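Asker: 3D, please:
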Amino acid sequence: MALARGRRRGNRVDYWPGFVDALSTLLLAIMFLLSVFVLAQFILSQEISGKDTVLNRLNSQINELTSLLALERSNKQDLDDALSSLQSSLELAESERSRLERMLNEGEGAAGAAEAKANELSGSLSEEKKLSKRALSQVQLLNQQISALRRQIAALENALDASESKDRESKTKIADLGKRLNVALAQRVQELARYRSDFFGRLREILSDRSDIRVVGDRFVFQSEVLFGSGSAEINNQGRAEMKKLADALLQLTEEIPNEINWVLRVDGHTDNIPLSGTGRIRDNWELSSIRAISVVQYLVSQGVDPRRLVAAGFGEFQPLDDQHTREARNKNRRIELKLTER
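Answerer: Next comes the predicted model:
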């Protein structure tokens, strides 16, 4: 439908506006999906943070209620001890009363004293009974409070279990998202590795006649003498010819790698450990390695390579391939390395 809106110029149809509409719609859809993903991450993080706060508050309340329960149990034990003491006193009083009643029956001479003693003991017994009833009431009240505390603790434990269950579900969702992201990243890395292998394979075919250009691990290595004169950062004619081959291979690779793979070609400059002589504009090996890497990048850009796909870095003499202090080692260490990697 968008293509149908193209304007006619003479006898030709201009499809450019429809193409722009379709591209804008695709970009809006991608931005919407990214926004949904970021919002989901934010909501999950907020939910987990809230659950942790509730969990800490519930744990604090449980600790307070546990302390109160221990205190109430201690008070109940004290009251039980007091009740036992009162019951023992009551039993002793009843025993004494029985003894006095027997004495009253045995002799009338001691009747008056026995009766007075009995009345005294009866008063003490009544008081002990009142104290016993009050203690029993307090024990019953404490039992009720303990039951209420137990119900509150049970409710809090249920709430805590529910909160922990939601927390586990949130963590599971986050872990699943992390796994999916790792799988996607691994797929991108594998796909980029495949393109890197194809790219290096083409370079081997193009540059197979040179022994001073080789593959070391995941890098394509040019000896500095292929591209530069001694102490110079300007690419020589021979080097331009080799870089032209590299640029053509890069342009072909750019057409093949999908846009969603965020790749770059890193150009690393390396030198030997011999200090620069003279007072030229290049001060040291580190600066020389950096300028050489930049020169390669600038030449590739001049041949049409997208500058957003290029990175230049200088390492001086600090990343040698060979640590020996020999001429052969120094020759090997003077190099330009190319690495196809993620941004």
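
Asker: what segments of the protein are helices?
Answerer: 16-106, 111-206, 224-227, 237-256, 285-302, 327-333 (DSSP state H).

Asker: output the ones you listed in CSV; the columns should cover distance to residue 273.
Answerer: All C-beta spots, glycine's among them, are computed from the backbone N, C-alpha and C. CSV is the format used below for the helices of the chain (distance: least, CB to CB, whole Å):
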stretch, distance to residue 273
helix 16-106, 48
helix 111-206, 28
helix 224-227, 14
helix 237-256, 23
helix 285-302, 7
helix 327-333, 7
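
Asker: run through this structure and note the low-pLDDT ranges.
Answerer: Scanning the chain for pLDDT under 70 picks out 1-14, 104, 107-115, 118, 175-192, 204, 206-210, 278-279.

Asker: that one - how does it break down into domains?
Answerer: 17-174, 193-342 (automatic domain parsing).

Asker: how long is the last one from one end to the other?
Answerer: It refers to domain 193-342. Terminal residues of domain 193-342 lie 10 Å apart, using CA to CA, to the nearest Å.

Asker: returning to what we had before: ok, which of the helices of the chain comes nearest residue 343?
Answerer: helix 111-206 (10.5 Å; CB to CB).

Asker: show me what that closest one is packed against.
Answerer: Packing partners of helix 111-206 (3 or more CB pairs under 8 Å, 6 or more residues apart in numbering; DSSP states H and E): helix 16-106, helix 237-256, strand 335-342.

Asker: turn the ones you listed into JSON lines, including mean neighbour count and distance to residue 283.
Answerer: Formatted as JSON lines, the helices and strands packed on helix 111-206 follow (neighbours: other CB atoms under 10 Å; distance: least, CB to CB, whole Å):
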{"stretch": "helix 16-106", "mean neighbour count": "13", "distance to residue 283": "45"}
{"stretch": "helix 237-256", "mean neighbour count": "15", "distance to residue 283": "23"}
{"stretch": "strand 335-342", "mean neighbour count": "20", "distance to residue 283": "20"}
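
Asker: can you redo those as CSV with distance to residue 200?
Answerer: Formatted as CSV, the helices and strands packed on helix 111-206 follow (distance: least, CB to CB, whole Å):
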stretch, distance to residue 200
helix 16-106, 31
helix 237-256, 10
strand 335-342, 8
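
Asker: among these, which is nearest residue 217?
Answerer: Minimum separation from residue 217 across these (CB to CB) falls at strand 335-342, 9.0 Å.

Asker: direction included, what does that closest one pair up with?
Answerer: Strand pairing for strand 335-342, determined by DSSP bridges: strand 219-223 (antiparallel), strand 263-270 (antiparallel).

Asker: what's in contact with the longest one?
Answerer: I take that to be strand 263-270. By CB atoms under 8 Å, 6 or more residues apart in numbering, the residues outside strand 263-270 that reach it are 192, 195, 219, 224, 250, 257, 288-293, 296-297, 300, 305, 308-317, 319-320, 333-343.

Asker: distance of residue 150 from residue 158?
Answerer: As judged by CB to CB, to the nearest Å, residue 150 and residue 158 stand 13 Å apart.

Asker: I meant to write residue 263 there.
Answerer: Taking CB to CB, one finds residue 263 at 54 Å from residue 158.
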